[in-house]
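[1] Show me how the following folds:
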Amino acid sequence: MASSTSVPSTTQIANGKQDYTFALTVLTSLFFMWGFITCLNDILIPHLKAIFTLNYTQVMLIQFSFFTAYAIVSIPAGILVEKIGYKNGIVIGLVTAGVGCLLFYPAAGYQSYIMFLGALFVLASGITLLQVAANPYVAILGKPETASSRLNLSQAINSLGHTIAPYFGSLIILAIAVKTAEELQAMSSADLDAYRLAEASAVQVPYLGLAAVLFVIAAVFAVIKLPKIEASEISASGDDGKNYHDMHKSAWGYRHLVLGAIAIFLYVGAEVSIGSFLVNYFGQSFIAGLKDSDAGKFVSFYWGGAMVGRFIGSAVQRKMKPAKMLIFNAFVAGSLVVVSMLTFGHVAMWAILAVGVFNSIMFPTIFTLAIDGLGKHTGQASGILCSAIVGGAIVPVIQGYFADTIGIHHAFFVPVLCYLFVAYYGMKGHKPSYLQAKV
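    As a prediction, this is how the structure comes out:
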């Protein structure tokens, strides 16, 4: 039986009424921004792959550097948020992400792949802190039973950022065709300098703009008033009548949280891995034979599908148990990837793009199922779950290895395996139970 979402209740509201409309509206901007920034990686990958002549494994270090931040920063971020509060955590996260965007300027200027990877890590560290603070905040601001629906709606706005970013990146970053080594040698010194300047500006300008927007949003959050919340009450209890959080001193003592972290690791890994390969996949002659700038625009359909799916999921989950939706979506997503692997041309292309629709509700659904009944451990649990987003660092590299060895077409078997575990979590893994050893 699917568990109802259980989260800490709010305890202090400025006007004494539980009206969270303004707070949720303001938080929406965060979900949009980190969705937009994260999805720009899908455009950076083919751009930097061509510039630095990288193979698939090497270029997937972009996602490795970005998502490794979740593993390193998430748990400390959860502790920090519990000490300084959700609002202050959001402000610090925005400033850190802005600094990461600024670092793209020297990375592009020096044409240094290592500097790009460092800038991505700093940028992702800021976004990690935002996620650790904002996800449980959205879940808490409202009725516990509608937390999954509320988080799905916020994630739909996140997907709007995902949808816009590839098209924007294709117009700005991929607009300049990358020259081959032979073409560069044939260019005059003046033409070569002009080309290098344009190539660098293609990355510098958009990320400078993003830095400015992030700093402005940080300033807004620093001055506005948001509801004060604390994890003091629990809305669910175990079968023995005791609150879940009384059973353990740490969130690690709950099986459904640990399995939820694994499910998020694999889900994010699958979603990011598929998105990372789309531009190069659509460039293959047996799929669509598209130029990078054209293929990048089609990536918007992948993330746009997730946006549409989340809006639908936000409504459907008010009447349907989240776990059942998770099972259905995971099986359909895996099946579509298999179809793409076994076919060619437009069938393979649109099958893989359609996966985005069914990815839609997975993260917020797993997240809310995993924090069910954790009460005062919710902050720590959020850090654990956000650290599991490191799957976006590991799985693409694994798929990159297989793309180099068995070909990009059949390397998509990796996400299929990920979706199978997500389906298992929806069937059995999400049910609250205790680990043998009390932590």
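[2] residue ranges for the strands of the stretch 151-300 of the chain, please.
    Per DSSP state E, counting those that start in this stretch, the stretch 151-300 of the chain carries strands over the ranges 228-229.
[3] longest helix anywhere in the chain?
    Ordering each helix of the chain by length in residues (DSSP state H) puts helix 189-223 first.
[4] Would you mind listing the buried residues in it?
    Residues 195-196, 199-204, 206-207, 210-211, 213-215, 217-218, 221 are the ones in helix 189-223 that count as buried (16 or more other CB atoms under 10 Å). C-beta coordinates here come from the backbone N, C-alpha and C atoms, glycine included.
[5] which strands and helices sit next to that helix?
    helix 21-39, helix 41-51, helix 86-102, helix 104-109, helix 147-172 (3 or more CB pairs under 8 Å, 6 or more residues apart in numbering; DSSP states H and E).
[6] Which strands and helices lie in contact with the fourth one?
    In this structure, helix 104-109 packs against helix 113-140, helix 189-223, with contacts taken as 3+ CB pairs under 8 Å, 6+ apart.
[7] low-confidence ranges in the stretch 201-350 of the chain?
    Along the stretch 201-350 of the chain, the parts satisfying pLDDT under 70 run over 228-249.
[8] redo that, cut-off 90
    201-206, 220-258, 290-297, 299-300, 303-325 (pLDDT under 90).
[9] Now do the helices in it.
    255-282, 292-316, 322-342, 345-359 (DSSP state H, counting those that start in this stretch).
[10] give me the number of residues near residue 406?
    Neighbourhood size, residue 406 [other CB atoms under 10 Å]: 11.
[11] I'd like the distance between the closest residue to residue 326 other than its chain neighbours and residue 368.
    What sits nearest to residue 326 in space, not counting adjacent residues and going by CB to CB, 6 or more residues apart in numbering, is residue 426, at 3.5 Å. From residue 426 across to residue 368, the span is 12 Å (CB to CB, to the nearest Å).
[12] picking up where we left off before, can you redo the helices and strands packed on helix 189-223 as TSV with mean neighbour count?
    Listed next are those as TSV, based on neighbours: other CB atoms under 10 Å:
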stretch	mean neighbour count
helix 21-39	20
helix 41-51	23
helix 86-102	22
helix 104-109	20
helix 147-172	24
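[13] averaging pLDDT over each of these, which comes out lowest?
    Here the lowest mean pLDDT among those goes to helix 147-172, at a mean of 78.
[14] Give the other helices and strands that that one contacts.
    Checking 3+ CB pairs under 8 Å, 6+ apart, helix 147-172 ends up next to helix 21-39, helix 41-51, helix 113-140, helix 189-223, helix 292-316, helix 362-370.
[15] Nearest to residue 378, out of those helices?
    Checking those against residue 378 by CB to CB gives helix 113-140 as the closest, at 5.6 Å.
[16] how about that closest one: buried residues?
    Residues 113, 115-140 are the ones in helix 113-140 that count as buried (16+ other CB under 10 Å).
[17] Check stretch 290-307 too.
    In stretch 290-307, counting by 16+ other CB under 10 Å, buried: 290, 292-293, 295-307.
[18] neighbouring contacts of the host helix or strand of residue 418?
    In the assignment (DSSP states H and E), residue 418 maps to helix 413-424. For helix 413-424, the surrounding residues in contact (CB atoms under 8 Å, 6 or more residues apart in numbering) are 262-263, 266-267, 269-271, 273-274, 326-327, 330-331, 333-334, 337-338, 341, 362, 366, 391, 395, 398-399, 402.
[19] for that helix, the distance to its chain's centre please.
    Mean C-alpha position of helix 413-424 versus that of the full chain (CA atoms, centre = their mean, to the nearest Å) differs by 17 Å.
[20] In it, which of the residues would be classed as buried?
    414, 415, 416, 418, 419, 421, 422, 423, 424.
[21] swap in stretch 340-358?
    Neighbour counts over stretch 340-358 (16+ other CB under 10 Å) mark 340-341, 343, 348-358 as buried.
[22] of all those residues, which comes closest to residue 84?
    residue 356 (35.5 Å).
[23] Skip the chain neighbours and tell me the closest residue to that closest one.
    Per CB to CB, 6+ apart, closest to residue 356 is residue 305, 3.3 Å.
[24] And residue 29, by the same measure?
    residue 217 (6.1 Å).
[25] Might you report the residue contacts of that neighbour?
    29, 30, 33, 94.
[26] if I look at the second one, how far off is residue 427?
    Okay, so that is residue 30. Per CB to CB, residue 30 is found 32 Å from residue 427.
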